[in-house]
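Trainee: One predicted model, sequence on top.
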Amino acid sequence: MKFLAGLVVVIAAVAFGGAAIYLYSDHEADAGGLDIRLTPTVRATKTPLFRTPGAGATATPASSAKFVPWSYPAAAGPGVMSAECSGRGQNSVKMFLLWNASGAGIQYLDFSVQNNGFAPGTFLSFGPFDREGWGYAIEGVRQDTTHIARVNTWTGTKWAPSYPLQFRTPICDAAAVEPSPRADMLALRDRLGGTIFSSGINAAVAITDLQTGETIDVNGTDPRLPGCTLNLFVIMSVVQELQVGTVTEGDAGDIIAQTINRSDPILARRMLRDWVGDNNLYRGLDRMNVYLQALGMTATIMDHPPAYPEESLHNDASFNNSTTARDANKALRTLWDGGVVSPQWRDYLLQKMTLVKPGLQYIIGSAGYGATRSHKNGFLYEQGWADNDIGIVWFERGGKRYGYAISFYSQYLRGKYDAIPLAQDVAAIAYDWFAARYGAP
């Protein structure tokens, strides 16, 4: 058994050879009837980005690497053929990954829980596999966790990394992946529940302690109308592009800031079409739904860009986008833990999420003035008004960072701003609990 950077893996089988996966232009592959989505978040490279490793060493990416679209000699894939539970423990997922070897040289399968560009010391590297190897089985993988995998081919003169695959492992035992809330957090849940119930507002909230992983909610698994909160995950995907260099900060930074500042659906749609979808809106929507699943948002659907119901993926303008408060918190925790981007780019995004204009600081931004409030609003009319806000409230003290994720959703309101008093009460109660548990900043 190997332990590395929080990842526990038991090697279960060696590479297989002989079969082919046929890659199509829309980045889907077919292997004997198996459809595999190859996420295009990170591009393979045509140029030497890696130093030649010594014996037993793993590849180290150059810090200024510029990634370009897939081409030979990189492998195509990997894709997940199967991911199933072999037990009920925290590390109880068995996986089988497939890829299409380029035949250019020996191969390694790199595997990580941190989306940091496969920084040295933070990932496991299986291999070497021969130049025709195409599959690998792994046991002991952590359940309900976002992972990143790639195939790295050594051509004899340079490394050629594949598109990384970002995916979420299944839940084998909910008790093993989410600790039971302690007494003070259960008291928080009860107080929030009483506050929401007495208000008469159709609302949901989830709170996650990002130090411990404890989560409580009120109506946290009920389907909600997300509005423009869904665009935060489009932004996360674009920040991944920033991390690997397929999009420059000069191009994207101001657009991200403006989208967050005024909750701008026009700019968010542009990012979804141009960068997530490679200039195709519906490809962007399709990829976003794969990406949401990789973040663990299994109850979330992005049918259309927020504010553009006529651009429905289902060709139905009445089809709603949908999420849950718990889903939103799961993705926020993945961001906090390094499963979305490296700590540097996580902090970049958290800072951008503070740029909400004063007129939209009335939910998460209304409480906790001593802390940093990184959040994204969502507001819409659909059979009544919906007013939402999701984000992370955090601060640093004594060299340690403390934070909690909070997602608030309200819907079917008669008045445009009917939820504001309740939302501000919820935000204040959550922050007071946090300060009582860890101390005020």
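Mentor: Thanks, I have it. Residues are numbered from 1 along each chain as shown.
Trainee: List the contacts of the residue nearest to Pro305 when sequence neighbours are not counted.
Mentor: What sits nearest to Pro305 in space, not counting adjacent residues and going by C-beta to C-beta, 6 or more residues apart in numbering, is Arg269, at 4.1 Å. Quick note: C-beta positions are derived from backbone N, CA and C, even for glycine. Contact partners of Arg269, counting by C-beta atoms under 8 Å, 6 or more residues apart in numbering, are Leu281, Pro305, Pro306, Ala307, Tyr308.
Trainee: Distance of the fourth one relative to Lys352?
Mentor: Ala307 sits 20 Å away from Lys352, going by C-beta to C-beta, to the nearest Å.
Trainee: go on, the first one?
Mentor: When C-beta to C-beta is applied, the distance between Leu281 and Lys352 equals 23 Å.
Trainee: and if you look at the last one?
Mentor: As for Tyr308, its distance to Lys352 is 23 Å (criterion: C-beta to C-beta).
Trainee: more neighbours, these two?
Mentor: Between Tyr308 and Lys352, counting by other C-beta atoms under 10 Å, Lys352 is the more crowded of the two (19 against 15).
Trainee: Can you name the residues that contact that one?
Mentor: Counting by C-beta under 8 Å, 6+ apart, Lys352 touches Ile235, Gly253, Ile256, Ala257, Ile260.
Trainee: Can you redo these as a markdown table, where the extra columns are distance to Gln411, secondary structure and pLDDT?
Mentor: Shown next, in a markdown table, are the contacts of Lys352 (distance: C-beta to C-beta, whole Å; DSSP: H, G, I helix; E, B strand; the rest coil; pLDDT from 0 to 100):
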| residue | distance to Gln411 | secondary structure | pLDDT |
| --- | --- | --- | --- |
| Ile235 | 23 | helix | 98 |
| Gly253 | 32 | helix | 97 |
| Ile256 | 26 | helix | 98 |
| Ala257 | 28 | helix | 98 |
| Ile260 | 22 | helix | 98 |
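Trainee: Put the buried members of those into a ChimeraX selection.
Mentor: Only the buried entries of the contacts of Lys352 go into this ChimeraX selection, using 16 or more other C-beta atoms under 10 Å:
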select :235,253,256,257,260
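Trainee: Output the contacts of Lys352 in JSON lines; the columns should cover distance to Val244.
Mentor: Listed next are the contacts of Lys352 as JSON lines, based on distance: C-beta to C-beta, whole Å:
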{"residue": "Ile235", "distance to Val244": "16"}
{"residue": "Gly253", "distance to Val244": "15"}
{"residue": "Ile256", "distance to Val244": "16"}
{"residue": "Ala257", "distance to Val244": "20"}
{"residue": "Ile260", "distance to Val244": "21"}
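Trainee: what's the closest of the contacts of Lys352 to Leu295?
Mentor: Nearest to Leu295 among those, counting by C-beta to C-beta, is Ile235 at 12.7 Å.
Trainee: Contacts only, for the spatially closest residue to that closest one that is not a sequence neighbour.
Mentor: Ranked by C-beta to C-beta, 6+ apart and with sequence neighbours excluded, the top spatial neighbour of Ile235 is Ile256, at 5.5 Å. Contact partners of Ile256, counting by C-beta under 8 Å, 6+ apart, are Ile235, Val238, Val239, Met271, Leu349, Lys352.
Trainee: so which strand or helix has Leu380?
Mentor: Element membership for Leu380 (DSSP states H and E) is strand 372-381.
Trainee: The helix or strand following that strand pairs with which strands, parallel or anti?
Mentor: Using DSSP H and E, the helix or strand that directly follows strand 372-381 along the chain is strand 385-397. Taking DSSP bridges as the criterion, strand 385-397 sits next to strand 372-381 (antiparallel), strand 400-413 (antiparallel) in its sheet.
Trainee: before we move on, back to that, state the distance from the residue nearest to Ile235 to Asn329.
Mentor: Using C-beta to C-beta, Ile256 is found at 21 Å from Asn329.
Trainee: Now the terminal residues of stretch 260-272, how far apart.
Mentor: 14 Å (C-alpha to C-alpha, to the nearest Å).
Trainee: does Gln258 really touch Pro265, like I thought?
Mentor: No - Gln258 lies out of contact with Pro265 (C-beta atoms under 8 Å); the separation is 11.4 Å.
Trainee: Grab the nearest non-local neighbour of Asn279.
Mentor: That would be Arg273: by C-beta to C-beta, 6+ apart, it lies 6.6 Å from Asn279.
Trainee: The one you found: how many residues sit nearby?
Mentor: Neighbours of Arg273 under the rule other C-beta under 10 Å: 20.
Trainee: who's in contact with it?
Mentor: Counting by C-beta under 8 Å, 6+ apart, Arg273 touches Asn279, Asn280, Leu281, Gly284.
Trainee: Kindly report the same for Leu332.
Mentor: Applying C-beta under 8 Å, 6+ apart, the residues near Leu332 are Thr208, Ile390, Gly391, Ile392, Ala405, Ser407.
Trainee: Need the three-state assignment for it.
Mentor: Put simply, Leu332 is helix when judged by DSSP: H, G, I helix; E, B strand; the rest coil.
Trainee: any idea how far Leu422 is from it?
Mentor: Using C-beta to C-beta, one obtains 21 Å as the distance from Leu332 to Leu422.
Trainee: How about stretch 422-437, which residues are buried there?
Mentor: For stretch 422-437, the neighbour count (16+ other C-beta under 10 Å) marks 422-427, 429-431, 433-435, 437 as buried.
Trainee: Show the pLDDT at the most centrally placed residue in the chain.
Mentor: Centroid-nearest residue in the chain: Leu295, 3.7 Å away (criterion: C-alpha atoms, centre = their mean). Leu295 is assigned 97 on the pLDDT scale.
Trainee: ok, it touching Ala328?
Mentor: No - the criterion here is C-beta under 8 Å, and Leu295 misses it with Ala328 at 9.6 Å.
Trainee: And the helix or strand where Val290 lies, what does it pack against?
Mentor: For Val290, the host element (DSSP H and E) is helix 281-294. Under the contact criterion of 3 or more C-beta pairs under 8 Å, 6 or more residues apart in numbering; DSSP states H and E, helix 281-294 touches strand 165-168, helix 231-244.
Trainee: report the angle between the axes of it and helix 231-244?
Mentor: Counting by axes from the mean of the first three to the mean of the last three C-alpha atoms, to 10 degrees, helix 281-294 points 90 degrees away from the direction of helix 231-244.
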